[in-house]
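S.K.: everything below, folded, please.
(4 chains)
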Protein chains: 2
Amino acid sequence: MEKKFVSAKDVAKLANVSQSTVSRVFTPGASVSEKVRRKVLEVAEELNYRPNALARGLINKKTNIVGLAMKDIQNPFYHEVLGMFSMKLREKGYNVLFVYTKNEEIQQEEINHFLEYNVEGIIITDALLSSNVVAKIHDNNIPITLFNRYHKDIPCNSVSSDNINASKEIASYFYEQGYRDIVYITGKINTSTNKDRQKGFIEYLKEKKIEVTILEGNYTYEKSYYLTKKMIENGHRPEAIFGANDITAIGALDALREKNISVPEETAVIGFDNIKMASWPSYMLSTWVQPIEKMVDEAIHLLLNNDRVNSPKAVKLKGKFIHRNTTK
Amino acid sequence: MEKKFVSAKDVAKLANVSQSTVSRVFTPGASVSEKVRRKVLEVAEELNYRPNALARGLINKKTNIVGLAMKDIQNPFYHEVLGMFSMKLREKGYNVLFVYTKNEEIQQEEINHFLEYNVEGIIITDALLSSNVVAKIHDNNIPITLFNRYHKDIPCNSVSSDNINASKEIASYFYEQGYRDIVYITGKINTSTNKDRQKGFIEYLKEKKIEVTILEGNYTYEKSYYLTKKMIENGHRPEAIFGANDITAIGALDALREKNISVPEETAVIGFDNIKMASWPSYMLSTWVQPIEKMVDEAIHLLLNNDRVNSPKAVKLKGKFIHRNTTK
DNA sequence: CTGAAAGCGCTTACAG
DNA sequence: CTGAAAGCGCTTACAG
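M.R.: This next block holds a predicted model:
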């Protein structure tokens, strides 16, 4: 099936100007007389002409495309993040080339297309890249920003919450409440988010001579639910539980509920992320608010403005605790 | 900042062949001697060369890009759908240009970029287009497929569940159980999904002389939760509730739980979608399974193979009921 | 099988 | 302010 595109040449002919002039009309800042501009715009409208972004990208080496790779996960947090990126990038005139991946570490072939389309930057959310993949991308002079992840051996920009201090504050809150039997349900143990949350939490309490019980989860509801249930069945009813993210905390909450343990009276629960579900009336989960909007803004800013490849920056933003019904 | 791309010319020089030959090596089916092919591939690898997709798209009028627009909604169902589309399209060599939208009816400007990048097709999920926007897109000979929505006045392909028959089956199930006091909590009332689910459900029961109580929701948890709670506080404790989607059913479920109404003994609940949450141990929601994978396959097939603009098809696929703990 | 050349739809010096 | 021309990185008839 033959496609027929309306090109600048067609518009030029009908408007009695050169093709260059048509191009200028659609190039912000180029000088065209007001009269000619109006005429061209009129004809363009009539013909339903729109400059071909591919041709433009070819010339300008400016495609206005950003690649975004996101890991398959049940956490709605990333859904909100994706929406935010799409809206914010659009406001700035960028388009999102999207890839869903199943791997914790993004594979070269999954983002080869990003390179072929000459994206102007790559955002990786909830996943990592091996450093030689990073090197290849940087060879092409394409900046990368990791969102909500970082890794000391991977030389690219990153934006995340200040997880260590956040979890210290949570630990401190529990401590002030007088809790001494405290549980941390981990996320995926090899992720930077989990490592930092765990670290801050445990370290703070260690200083207070409190040893935290660690339950190894994986950021899913199911795992957390079963871990909590089993713990209770084994006779352990902690005074407080910190879940590595909201989904984890909610899994614990449901297990407690099923075992008729009253929250927050017998056991207090705190999550992390502040996903929409956390404020559902049946949960009203106390949690740590990640400043999504700021994080996204910062990620985009870094990606588009930071002196690309050479001096990666790791930005950490502060969130805040929000008290709902699962803490006293 | 100057970007330096490796082009076919660079490879050609180093491999001692013409640029045309390099191109042929990367064009499936073009004839190149095995010896030359190996040589070129070797040099390409060394230089980290990759054909420029923009230039290719410009020549071929084949960009391998599909535009996907999705409405901002809290329903995780669409998250799963998005992932499925991304994976399936990638398998077929297509890339996804993604746009998040807040509007029930997609605006022209939100998808202008799709046109500028010459996408080969557009998928609209959980939203609609006005028919004159459709006309403009079809003028460019770009096919559209609506996913999980359709509208008789909008001449484009669509893929959805057979919602009418699905909800008839659900109605029939309730009827067979002997329930006579039955509630339907609607989704957004102007969506085709809701209209059909409501229609099938009510019609079936009307034939049996049963009048269904309609609660007007909007596909959100919160709305459904409050509606159900209020209903109970008003003294109405139905025998069965059908929620227009899982989120809706879960909202109702939580309200029932809070009011200490036992499910399914006093009130049975059925949802629609079979999102991951429906199988969480605390819900174990009985629901209607939408055959996501088949729906996505079919949507892609229609988009890429159906005789474009002229004869739009509306495909409806059958799902199945899955019995969990919220029905007897 | 392979190379030279035209052309896809643009942008942008260069003249005028 | 405007046009003719070169060129972005490719593909693909056309010859050989």
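S.K.: hmm, residue A:246 is touching residue A:289, no?
M.R.: No. With contact defined as C-beta atoms under 8 Å, residue A:246 does not reach residue A:289; the gap is 10.4 Å. Where you see a C-beta, it was placed from the backbone N, CA and C, and this is true even at glycine.
S.K.: neighbour count: these two, which is higher?
M.R.: The neighbour count for residue A:246 versus residue A:289, taken as other C-beta atoms under 10 Å in any protein chain shown, is higher for residue A:246 (28 against 15).
S.K.: distance-wise, check the more buried one relative to residue A:284.
M.R.: Using C-beta to C-beta, to the nearest Å, we find residue A:246 at a distance of 12 Å from residue A:284.
S.K.: shared neighbours of the two, anything?
M.R.: Here residue A:246 and residue A:284 have residue A:278 as joint contacts, going by C-beta atoms under 8 Å, 6 or more residues apart in numbering or on different chains.
S.K.: follow-up on the earlier one: shared neighbours, residue A:246 and residue A:289?
M.R.: Each of residue A:274 lies in contact with both residue A:246 and residue A:289 under the rule C-beta under 8 Å, 6+ apart.
S.K.: now whichever residue of the stretch 101-250 of chain A sits closest to DNA strand C, nearest residue through space, not along the chain?
M.R.: Closest residue of the stretch 101-250 of chain A to DNA strand C, C-beta to the nearest atom of the strand: residue A:118 (13.0 Å). Among residues not flanking residue A:118 along the chain, residue A:63 sits closest, at 4.9 Å (C-beta to C-beta, 6 or more residues apart in numbering or on different chains).
S.K.: burial of the one you found, as a residue count?
M.R.: Neighbour tally, residue A:63, other C-beta under 10 Å: 21.
S.K.: low-confidence ranges, chain A, go.
M.R.: Chain A contains residues with pLDDT under 70 at A:1-4, A:306-310.
S.K.: which single residue in it comes nearest to DNA strand D?
M.R.: residue A:31 (2.3 Å).
S.K.: now that residue. Nearest residue, chain neighbours left out?
M.R.: In space, and not counting its chain neighbours, residue A:31 is closest to residue A:24: 7.1 Å by C-beta to C-beta, 6+ apart.
S.K.: returning to what we had before: what about the residue of chain A closest to DNA strand D, how many neighbours?
M.R.: 7.
S.K.: near chain B, which residues of the stretch 101-250 of chain A?
M.R.: By C-beta under 8 Å from any C-beta of the partner chain, the residues of the stretch 101-250 of chain A that approach chain B are A:110, A:112-113, A:115-118, A:136, A:139-141, A:221-222, A:225-226.
S.K.: what's stretch A:301-317 in contact with?
M.R.: The contact list for stretch A:301-317, computed with C-beta under 8 Å, 6+ apart, reads A:66, A:92, A:120-123, A:138, A:141, A:143-145, A:150, A:155-163, A:291, A:294-295, A:298, B:1.
S.K.: any of the residues of the stretch 101-250 of chain A next to chain B buried? List them.
M.R.: Buried by 16 or more other C-beta atoms under 10 Å in any protein chain shown: A:110, A:113, A:115-118, A:136, A:140, A:221-222, A:225-226, out of those.
S.K.: for residue A:154, phi and psi?
M.R.: Dihedral pair for residue A:154: phi -110, psi 110, per degrees, to the nearest 10.
S.K.: pull the distance from stretch A:285-294 to the chain's centre.
M.R.: Relative to its chain's centre, stretch A:285-294 lies at 13 Å (C-alpha atoms, centre = their mean, to the nearest Å).
S.K.: next, the distance between the ends of that stretch.
M.R.: By C-alpha to C-alpha, to the nearest Å, the extent of stretch A:285-294 from end to end equals 22 Å.
S.K.: near chain B, anything from it?
M.R.: No. Using C-beta under 8 Å from any C-beta, stretch A:285-294 stays clear of chain B, with a minimum separation of 13.3 Å.
S.K.: same thing with stretch A:256-263?
M.R.: Yes. Part of stretch A:256-263 sits near chain B under the criterion C-beta under 8 Å from any C-beta, namely A:257-258.
S.K.: and that stretch, what's buried?
M.R.: A:256, A:261, A:263.
S.K.: give me phi/psi at residue A:317?
M.R.: Main-chain dihedrals, residue A:317, degrees, to the nearest 10: phi -110, psi 150.
S.K.: would you mark the buried spots in stretch A:34-41?
M.R.: Buried positions in stretch A:34-41, judged by neighbour count with 16+ other C-beta under 10 Å: A:36-37, A:39-41.
S.K.: could you pick out the residues of the stretch 151-300 of chain A near DNA strand D for me?
M.R.: For the stretch 151-300 of chain A, no residue is in contact with DNA strand D (C-beta under 7 Å from any atom of the strand).
S.K.: what residues does chain A put near DNA strand C?
M.R.: Residues of chain A lying near DNA strand C by C-beta under 7 Å from any atom of the strand: A:5, A:7-9, A:19-20, A:23-24, A:26-27, A:30, A:49-52, A:55-56, A:58-60.
S.K.: go again with 10 Å.
M.R.: Proximity of chain A to DNA strand C, by C-beta under 10 Å from any atom of the strand, involves residues A:3-12, A:18-31, A:44, A:49-62.
S.K.: buried subset of the residues you listed?
M.R.: A:6-8, A:10-12, A:21-26, A:44, A:49-58.
S.K.: now, which of the residues you listed lie within strands?
M.R.: Using DSSP state E, no member of these falls within strands.
S.K.: which of these fall within helices?
M.R.: The helices, defined by DSSP state H, take in A:8, A:10-12, A:21-25, A:44, A:53-58 from these.
S.K.: give me the subset of those residues touching DNA strand D.
M.R.: Residues of those in contact with DNA strand D (C-beta under 10 Å from any atom of the strand): A:8, A:12, A:21-25, A:54-58.
S.K.: quick check, nearest of those to residue A:209?
M.R.: residue A:57 (60.8 Å; C-beta to C-beta).
S.K.: pretty sure that closest one contacts residue A:119?
M.R.: No. Between residue A:57 and residue A:119 there is no contact under C-beta under 8 Å: 10.1 Å.
S.K.: common neighbours of these two, please.
M.R.: Residues touching both residue A:57 and residue A:119 (C-beta under 8 Å, 6+ apart): A:63, A:65.
S.K.: list the contacts for residue A:48?
M.R.: Listed by C-beta under 8 Å, 6+ apart, the contact set of residue A:48 reads A:6, B:136, B:139-140.
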